[in-house]
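Student: predicted model and sequence follow; I will ask about them next.
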Amino acid sequence: MVLPKEDSLVYGFKLSSVGSGKITPADTVHVPSGMDLAMKLHYLRGVYFFSSEAAEGLSVLKIKENMFVWLIEHWRVLGRFRRSESSGRPFVKCNDCGARFIEAQSDKTLEEWLGMDSSIHKLLASNQIIGPELFFSPPVLFQWTRFKCGGVSIGLSWSHILGDAMAASEYFFNGLSRTMTGKVPSPYPETSKPNIQKLKHPSPLALKNVDSVGDHWITPNNHKMETFSFVLTPTQLNCLELKLLGQNPNPAEEIPTFELICGVIWQCVAKVRQGSEPKLVTICTKGTKPAVAECGNNQIISTVEAADVADMYPKSLAALLAKRESYEETQIGELVESENGASDYIVYGANLTFVNWEDADFYGFEAEGHKPVCVNYSIQGVGDEGAVLVQPGPNGEGRLVNVIFPEKEVLGLKAELRKNDLMLEIN
């Protein structure tokens with residue numbers, strides 16, 4: 001598929017700010033936890049596509065009017081980051097500076113957008129990062145784009161230091177939908193206060209220390225990273241399970257879909273990286289705490305190790321992923337707390353990273369009784385080892401898989417994925 005020039009797809013940008021209908025008390029601050037600070041070089045980019053019918057209830061005026069009420073309970077995201085004068089630890093000064101709101105338009109239809117490789121969806125959500133001037137950098141931005149057919153998209157740019165994908169989607173963004181139906185916004189959950197102490201656990205394998213970035217919060221990469229995507233239909237998922245598990249699998253050997261997908265991809269990556277295959281991988285999954293109970297970075301982070309990955313049967317790799325026993329989010333939080341946030345780290349791409357967003361309520365937003373026809377979340381700031389993001393597919397069916405990988409390895413990886421029937425066509 002030949003893609004149009006990116007600079008011609010979206011145009012007519014208008015920039016404004018949105019805030020809450022209540023003034024936050026003076027000197028109010030939010031201090032991110034150690035786990036939050038570990039994610040500060042990563043950013044979530046979510047794009048929600050709505051039909052023309054749903055768009056009738058998503059005018060800019062109606063959205064902003066409801067944000068005025070909705071953001072009363074989200075005063076943390078309206079502030080700006082500062083550093084402690086004594087320790088240098090980042091914190092949010094909750095000064096009601098507001099979130100950015102971008103308006104744009106496109107001459108393509110909704111159907112045409114969904115027919116293109118979803119990596120192009122990056123044009124529908126701001127790629128702005130924090131810094132180099134902290135006090136000018138909003139941690140949250142919205143982009144409203146009108147399509148030729150009357151449909152719209154809403155892009156959410158979310159600094160990962162504020163919380164994981166579940167906090168961003170289920171608690172934060174879906175809360176706007178609830179407010180638009182007349183429900184009172186839920187109070188912002190309390191987050192755990194930092195507790196600086198000596199390390200109780202060994203250093204985590206899922207975390208990588210990077211060179212200091214100062215106040216310009218972006219992951220330093222040695223390779224140019226590229227994103228590509230593919231959809232696995234329910235039929236393809238059934239075929240994958242049949243291929244790896246057989247016609248009548250033993251219930252004791254049952255392996256979830258996420259691990260089956262990642263087991264195949266892990267082996268594909270190993271074949272592409274001959275001589276330097278990834279023996280250690282990271283798995284990020286939804287935390288046990290519901291997003292409405294505590295907002296922040298509550299995902300479960302695990303590591304799994306294997307040898308001779310390229311020669312292993314994908315089912316065996318999937319079984320290793322499913323039986324993971326190493327949980328490192330506590331160690332990560334402890335390590336960053338012990339340094340009081342002085343160092344810079346990455347999680348996504350520190351090792352080859354598999355991210356499970358299958359259970360995220362990305363399709364929980366409703367407008368005029370209509371859910372999004374497609375939702376696509378990606379991550380900016382992935383390290384050189386790459387990341388694989390597995391999430392619900394269009395209309396919540398099947399799976400959408402986003403792969404963020406070094407550009408020089410993409411063609412080889414796509415070829416391996418096609419050999420294994422994960423990609424049916426070249427995107």
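Tutor: That came in fine, so what should we check first? Numbers count the residues shown, from 1 in each chain.
Student: and S326, how many residues sit next to it?
Tutor: By other CB atoms under 10 Å, the residues close to S326 number 15. No exception for glycine: its C-beta is placed from N, CA and C like everyone else's.
Student: leaving out the residues flanking it, which one is nearest to it?
Tutor: With sequence-adjacent residues excluded and distances taken as CB to CB, 6 or more residues apart in numbering, S326 is closest to T303, at 4.9 Å.
Student: SS state for the one you found?
Tutor: strand (DSSP: H, G, I helix; E, B strand; the rest coil).
Student: residues in contact with it?
Tutor: When contacts are counted by CB atoms under 8 Å, 6 or more residues apart in numbering, T303 touches P204, L205, A206, L280, V281, T282, I283, R324, S326, E328, N351.
Student: quick one: low-confidence ranges for the chain?
Tutor: In the predicted model of the chain, residues 1-7, 186-201, 252, 289-294, 425-427 satisfy pLDDT under 70.
Student: max-length helix in it?
Tutor: In the chain, ranked by residue count with DSSP state H as the criterion, the top helix is helix 257-272.
Student: so what's the gap between stretch 346-353 and the chain middle?
Tutor: Put simply, stretch 346-353 sits 13 Å off its chain's centre (CA atoms, centre = their mean, to the nearest Å).
Student: and what of stretch 37-47?
Tutor: Centroid separation for stretch 37-47 versus its chain: 7 Å, with CA atoms, centre = their mean.
Student: how about it: buried residues?
Tutor: For stretch 37-47, the neighbour count (16 or more other CB atoms under 10 Å) marks L37, A38, M39, K40, L41, H42, Y43, L44, R45, G46, V47 as buried.
Student: so what's the residue lying closest to G150 once chain neighbours are set aside up against?
Tutor: Of all residues beyond its chain neighbours, the one nearest G150 is S52 (3.5 Å), with distances taken as CB to CB, 6+ apart. For S52, the contacting residues are L110, C149, G150, G151, by CB under 8 Å, 6+ apart.
Student: phi, psi of S52?
Tutor: Phi and psi for S52, reported as degrees, to the nearest 10, are phi -60, psi -30.
Student: three-state assignment of the residue of the chain positioned farthest from its centre?
Tutor: Most distant residue from the mean C-alpha position of the chain: N248, 35.2 Å away (CA atoms, centre = their mean). In terms of secondary structure, N248 is coil; the call rests on three-state DSSP.
Student: and F81, that one's in a strand?
Tutor: Yes. Applying three-state DSSP, one finds F81 inside a strand.
Student: measure the most centrally placed residue in the chain to T257 for me?
Tutor: The residue lying closest to the centre of the chain (CA atoms, centre = their mean) is L44, at 4.0 Å. Taking CB to CB, to the nearest Å as the criterion, L44 is separated from T257 by 23 Å.
Student: repeat for S229
Tutor: When CB to CB is the yardstick, S229 and T257 sit 17 Å from each other.
Student: now K371
Tutor: Between K371 and T257 the distance, using CB to CB, works out to 22 Å.
Student: my read: G393 touches T235, true?
Tutor: No. Contact between G393 and T235 fails when scored by CB atoms under 8 Å: they sit 11.7 Å apart.
Student: which residues do those two both contact?
Tutor: Common neighbours of G393 and T235, using CB under 8 Å, 6+ apart, do not exist here.
Student: more neighbours: which of the two?
Tutor: When G393 and T235 are compared on other CB under 10 Å, the one with more neighbours turns out to be G393, at 20 against 9.
Student: got the phi/psi numbers for that one?
Tutor: The phi and psi values for G393, taken as degrees, to the nearest 10, are phi -80, psi -180.
Student: which residue, neighbours along the chain excluded, lies closest to it?
Tutor: Spatially, and ignoring its direct neighbours in sequence, G393 is nearest to L400 (4.7 Å; CB to CB, 6+ apart).
Student: what does whatever helix or strand that neighbour lives in contact?
Tutor: The secondary structure element spanning L400 is strand 399-406 (assigned by DSSP states H and E). Among residues not part of strand 399-406, those counted as contacts by CB under 8 Å, 6+ apart are 118-119, 223-232, 237, 257, 261, 265, 348-349, 358, 376-379, 382, 384, 386-394, 413, 422.
Student: got the angle for the next helix-or-strand element following the longest helix of the chain vs helix 257-272?
Tutor: Counting by DSSP H and E, the next helix or strand C-terminal to helix 257-272 is strand 280-285. Angle, strand 280-285 to helix 257-272, by axes from the mean of the first three to the mean of the last three CA atoms, to 10 degrees: 150 degrees.
Student: which secondary structure elements does strand 280-285 sit against?
Tutor: strand 300-305, strand 352-356 (3 or more CB pairs under 8 Å, 6 or more residues apart in numbering; DSSP states H and E).
Student: just how off-centre is that strand within its chain?
Tutor: Taking the mean of its C-alpha atoms, strand 280-285 sits 14 Å from the chain's own mean (CA atoms, centre = their mean).
Student: what angle do that strand and strand 300-305 make?
Tutor: Between the axes of strand 280-285 and strand 300-305, defined by the same axes, to 10 degrees, the angle is 150 degrees.
Student: ok, T24 to R76 distance?
Tutor: Between T24 and R76 the distance is 9 Å, computed by CB to CB.
Student: more neighbours: these two, which one.
Tutor: Taking other CB under 10 Å, T24 and R76 do not tie; R76 has more neighbours (20 against 17).
Student: where along the stretch 301-427 of the chain do the strands fall?
Tutor: Using DSSP state E, counting those that start in this stretch, the strands of the stretch 301-427 of the chain run over 326-327, 344-346, 352-356, 374-380, 387-392, 399-406.
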